[in-house]
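Enquirer: need coordinates for the following:
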Amino acid sequence: MIPIPPRPATEKEIALIHTQEYIEQIRETAGRERTFLDPDTSTSPRSYEIALLAAGGLIEAADWIMDGKVRNAFALVRPPGHHAEAAQAKGFCIFTTRPSPPNTWLKSGASGASSS
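Expert: Below is the predicted model of the structure:
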């Protein structure tokens, strides 16, 4: 097993999926003790920072695959992102992690891997 160090997703990468208003809403929770985003999802003081790492970690893993550094990857990240929507947190998920890498490559115009 080869550990892939996570990196924070950039706001530009997050904005490929999420609305600017939603990103700002989540950014404003940074440093706050607790903010409820939906009945299941709340934030703590570092949730914004950690959610960026979760999304960026998945993008980095996909970049490693596209760059040929590894053949496959498994990204075990928290918070998960599979329920998050473009303008709404859901089911403990803040920023989506599912379509981020393909959208990053496609919208950046990259032929194989995105530039990190």
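Enquirer: can you tell me the SS state at the residue nearest the centre of the chain?
Expert: Centroid-nearest residue in the chain, with C-alpha atoms, centre = their mean: Ala55, separated by 1.9 Å. Look at Ala55: counting by DSSP: H, G, I helix; E, B strand; the rest coil, its state is helix.
Enquirer: surely it touches Leu16?
Expert: No - counting by C-beta atoms under 8 Å, Ala55 sits too far from Leu16 to count as a contact (10.4 Å). In this view, the C-beta of every residue, glycine as well, is placed from N, C-alpha and C.
Enquirer: end to end, how far does stretch 57-76 reach?
Expert: Using C-alpha to C-alpha, to the nearest Å, one end of stretch 57-76 lies 9 Å from the other.
Enquirer: would you indicate which residues of it are buried?
Expert: For stretch 57-76, burial by neighbour count (16 or more other C-beta atoms under 10 Å) applies to 57-64, 66, 73, 75.
Enquirer: could you dump the residues you listed into JSON lines with pLDDT added?
Expert: Formatted as JSON lines, these follow (pLDDT from 0 to 100):
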{"residue": "Gly57", "pLDDT": "92"}
{"residue": "Leu58", "pLDDT": "90"}
{"residue": "Ile59", "pLDDT": "89"}
{"residue": "Glu60", "pLDDT": "91"}
{"residue": "Ala61", "pLDDT": "91"}
{"residue": "Ala62", "pLDDT": "88"}
{"residue": "Asp63", "pLDDT": "89"}
{"residue": "Trp64", "pLDDT": "93"}
{"residue": "Met66", "pLDDT": "88"}
{"residue": "Ala73", "pLDDT": "92"}
{"residue": "Ala75", "pLDDT": "86"}
